[in-house]
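Engineer: okay, sequence plus prediction incoming.
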Amino acid sequence: MSLQAADRSAHRLRSVAQGPSPGEVRRAGHSMVTALRTAVPLVAGLLIVALTVSLGNWQTRRAQEKADLQQRFNLLARGGLVAARASDLPAPGQPLRLEGEWLAQHSVLLDNRTQGGRAGYHVLTPLRLADGSGTVLVNRGWVAAGPARAQLPNPPVPAGRVALEGIAGDPHSRYFELGDATPQGRVWQNLDFERYA
């Protein structure tokens, strides 16, 4: 081996033993920072694309669910009105015809129901069926809240026998509750059938 080759080998051995030079460390750190600056926006962009696709799929599923529900309501409506007994469990959306007398003293107001941007209540009143089969709870519609929460609306209830046409609702739908939702007199946050009974 020549002296020059031995000198180069010795220089390489010293370089390996001493580790990278400060310039090499700076270049390595700079390339790592550059890689992070490129990777972070790329990963963030991919996450946003995945989230957007997921939300789009969710919206499509919701639209299909609503279309299926409307189709089911249309099929039920073609069958015409059904005279239901209190013990019947008609499908949600089934058109019904009921006859009986209101039990106005047992009406309740479901709170926090808005309509047209205004706060109000859904008025629920039991109807004792004329066929003697029992009582059904009827959502008589929405009524606006008074100017103060202490002033509860008192919608009129027709006396005597009435005939109604409507659709069967889902009695199990609930709204989210924060804290204690114990009914305050006639005002309820959610309808709990066992408590109501």
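Structural biologist: Arrived safely. Residues are numbered from 1 along each chain as shown.
Engineer: skip the chain neighbours and tell me the closest residue to residue 86.
Structural biologist: Spatial nearest neighbour of residue 86, excluding adjacent residues (C-beta to C-beta, 6 or more residues apart in numbering): residue 134 at 2.9 Å. Bear in mind the C-beta positions are built from the backbone N, C-alpha and C, glycine included.
Engineer: then residue 188?
Structural biologist: residue 108 is the one closest to residue 188 (C-beta to C-beta, 6+ apart), at 5.2 Å.
Engineer: equivalent analysis for residue 161, please.
Structural biologist: residue 101 (5.8 Å).
Engineer: kindly export the particular helix or strand that has the one you found in it (C-alpha atoms) in CSV.
Structural biologist: Assessed by DSSP states H and E, residue 101 sits inside strand 95-102. Coordinates of the C-alpha atoms in strand 95-102 are reproduced here as CSV (Å, rounded to 0.1, in the frame of the first residue of the first chain):
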residue,chain,number,x,y,z
PRO,A,95,-102.8,7.2,9.6
LEU,A,96,-105.3,6.9,12.4
ARG,A,97,-108.8,7.8,13.2
LEU,A,98,-109.7,8.1,16.9
GLU,A,99,-112.9,9.1,18.7
GLY,A,100,-113.3,9.9,22.3
GLU,A,101,-113.2,12.5,25.0
TRP,A,102,-110.2,14.6,26.2
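Engineer: quick one: the strands in this structure?
Structural biologist: 82-83, 95-102, 108-110, 120-129, 135-144, 161-167, 187-188 (DSSP state E).
Engineer: residues near the residue nearest to residue 188, how many?
Structural biologist: 19 (other C-beta atoms under 10 Å).
Engineer: got the contact list for it?
Structural biologist: 124, 183, 186, 187, 188, 191, 196 (C-beta atoms under 8 Å, 6 or more residues apart in numbering).
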